[in-house]
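Colleague: 3D, please:
(chains A and B)
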Amino acid sequence: MKKIFFLLLMSIAASAHAQDDAIGRFFGKYLEDQRFTVVSVSPRMFRLMAKVNWDTVSADVKQTVTHLQSFRILSTESTPYAFYKEALAMIDRKQYEDLIMVRGGKDDFRFMIRATGNTINELLMIAVDKDGFTLMSFVGDIDLDRLSRLAADMDIKGMENLKNAKRK
Amino acid sequence: MIKALLEKYWQAETTVEEERVLAGYFRGPGVDPDLRPYADLFAYFEEESRVSPGPDFEARILQAITPVRQFRWGMAAAAATVLVVVAGLFLFESTAPTGGRGVANPATAGRRIAGPATGNPAAGSPATGNPATAPVADTYDNPEQALAAVRHALLIASVHLNEGRKQISNR
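Modeller: From the prediction side, this is the model:
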């Protein structure tokens, strides 16, 4: 009898956890951690963006942003490789599938997606190098080709600066 | 004659009829003094054979072997506690995000982003982090700042995406 209750409790706890995505758990764990920089934008804020002046924003950016529901980024400069490992271990492989994995030895990044059918519901980017670890999550309806065009439109030099700016 | 029968009895070779004869003999008055010790034994057998189950025998046996289904208050209390705790967890989870949403206390604002990270162009303004358990809390209370951060992040993701795609196509 007790075992049944225990199992019931565990299954409820497990299902409650399952609703939490991997990045959600990682965020929950390090949200208050002083070593981490956290930026998150809620669905409510995405709706409020409709009131912003979009005149200077390119059509691709606008399309991409309006299809997003939420955005989160978590980054740290301390023990980046350890956090990279932990984040990878925390990701539920049943939910997320690998999209792109680039391993440069000390400079790794990978993209993972959560998809239903042909629609990508979440794009996860996990990147690490000796200077830092970054975990980024875009939730919404994500068009990879459109996303890819955002950077392709800009000149390479500008992009390099942007990449460096990301952690400093 | 009786001694021969008794001998047969000890060998367990007597018939029911012969045993009845033996019992009758020992019950009777003229028991051979040599055999007197056995009279008590047979008297005991006789006595024991008359013992029969009482009228409530069956009922008592049934009661003894039927599992008692009594209500376990301890178990019920445990179940109720589990239910209350689980329900509480769910209620707490569903109400917590709405309670804490919005602009965080300015006193705590910017505390989370420490050190060189404040120079991050994406986090141009001090971040007003939300410590609530909401999965996606707002760092910014201004949609323009939020948009700027998202655009910045999108570009970073886009760069990496292209880099990854390029490497894949080069292989």
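Colleague: all strands in chain A, in order from the N-terminus.
Modeller: Counting by DSSP state E, chain A has strands at residues A:36-41, A:68-76, A:97-103, A:108-116, A:119-129, A:132-142.
Colleague: show me where chain B has helices.
Modeller: Listed in chain order, the helices of chain B (DSSP state H) span B:2-10, B:16-27, B:36-49, B:57-65, B:73-100, B:143-170.
Colleague: deepest in the core, which of the ones you listed is it.
Modeller: Compared across these, helix B:143-170 shows the largest average neighbour count, a mean of 19 (mean count of other CB atoms under 10 Å in any protein chain shown). Quick note: C-beta positions are derived from backbone N, CA and C, even for glycine.
Colleague: is that helix anywhere near chain A?
Modeller: Yes - against chain A, helix B:143-170 shows contacts by CB under 8 Å from any CB of the partner chain at B:143-144, B:146-147, B:149-165, B:167-168.
Colleague: nearest residue to the middle of chain A?
Modeller: A:Ser137 (1.6 Å; CA atoms, centre = their mean).
Colleague: who's in contact with that residue?
Modeller: A:Ser137 is in contact with A:21, A:23, A:70-73, A:122-125, counting by CB atoms under 8 Å, 6 or more residues apart in numbering or on different chains.
Colleague: most surrounded residue in the residues you listed?
Modeller: Neighbour tally across the contacts of A:Ser137 (other CB atoms under 10 Å in any protein chain shown): the maximum, 29 neighbours, falls on A:Ile73.
Colleague: ok, that one touching B:Ala153?
Modeller: Yes - the criterion here is CB atoms under 8 Å, and A:Ile73 meets it with B:Ala153 at 5.8 Å.
Colleague: distance of the residue nearest to the centre of chain A from A:Thr76?
Modeller: Remark: distance between A:Ser137 and A:Thr76 (CB to CB, to the nearest Å) = 15 Å.
Colleague: where does the prediction get shaky in chain A?
Modeller: Residue ranges of chain A with pLDDT under 70: A:1-23, A:153-168.
Colleague: phi, psi for B:Val31 please.
Modeller: phi -80, psi 130 (degrees, to the nearest 10).
Colleague: can you tell me how far it is from chain A?
Modeller: Distance from B:Val31 to chain A, counting by CB to the nearest CB, to the nearest Å: 65 Å.
Colleague: contacts only, for that residue.
Modeller: Residues counted as contacts of B:Val31 (CB under 8 Å, 6+ apart) are B:25, B:39.
Colleague: mind checking pLDDT for it?
Modeller: If you check B:Val31, the pLDDT there is 82.
Colleague: could you do B:Pro131 as well?
Modeller: With respect to pLDDT, B:Pro131 scores 38.
Colleague: over to B:Ala114?
Modeller: So B:Ala114 comes in at 36 (pLDDT).
Colleague: re earlier: could I get the contacts of A:Ser137 in a markdown table, plus columns for distance to chain B?
Modeller: A markdown table is the format used below for the contacts of A:Ser137 (distance: CB to the nearest CB, whole Å):
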| residue | distance to chain B |
| --- | --- |
| A:Asp21 | 8 |
| A:Ile23 | 9 |
| A:Ser70 | 4 |
| A:Phe71 | 5 |
| A:Arg72 | 6 |
| A:Ile73 | 6 |
| A:Glu122 | 12 |
| A:Leu123 | 7 |
| A:Leu124 | 10 |
| A:Met125 | 5 |
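Colleague: picking up where we left off before, and the helices of chain B as JSON lines, adding mean pLDDT?
Modeller: What follows is the helices of chain B, written out as JSON lines (pLDDT from 0 to 100):
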{"stretch": "helix B:2-10", "mean pLDDT": "85"}
{"stretch": "helix B:16-27", "mean pLDDT": "86"}
{"stretch": "helix B:36-49", "mean pLDDT": "84"}
{"stretch": "helix B:57-65", "mean pLDDT": "86"}
{"stretch": "helix B:73-100", "mean pLDDT": "77"}
{"stretch": "helix B:143-170", "mean pLDDT": "85"}
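Colleague: which strand residues bridge the residue nearest to the centre of chain A?
Modeller: A:Arg72, A:Leu124 (DSSP bridges).
Colleague: how close does it get to B:Ala76?
Modeller: Using CB to CB, A:Ser137 is found at 44 Å from B:Ala76.
Colleague: the helices of chain B: which one's closest to A:Lys51?
Modeller: Checking the helices of chain B against A:Lys51 by CB to CB gives helix B:143-170 as the closest, at 6.4 Å.
Colleague: that closest one versus strand A:119-129: what angle between them?
Modeller: 80 degrees (axes from the mean of the first three to the mean of the last three CA atoms, to 10 degrees).
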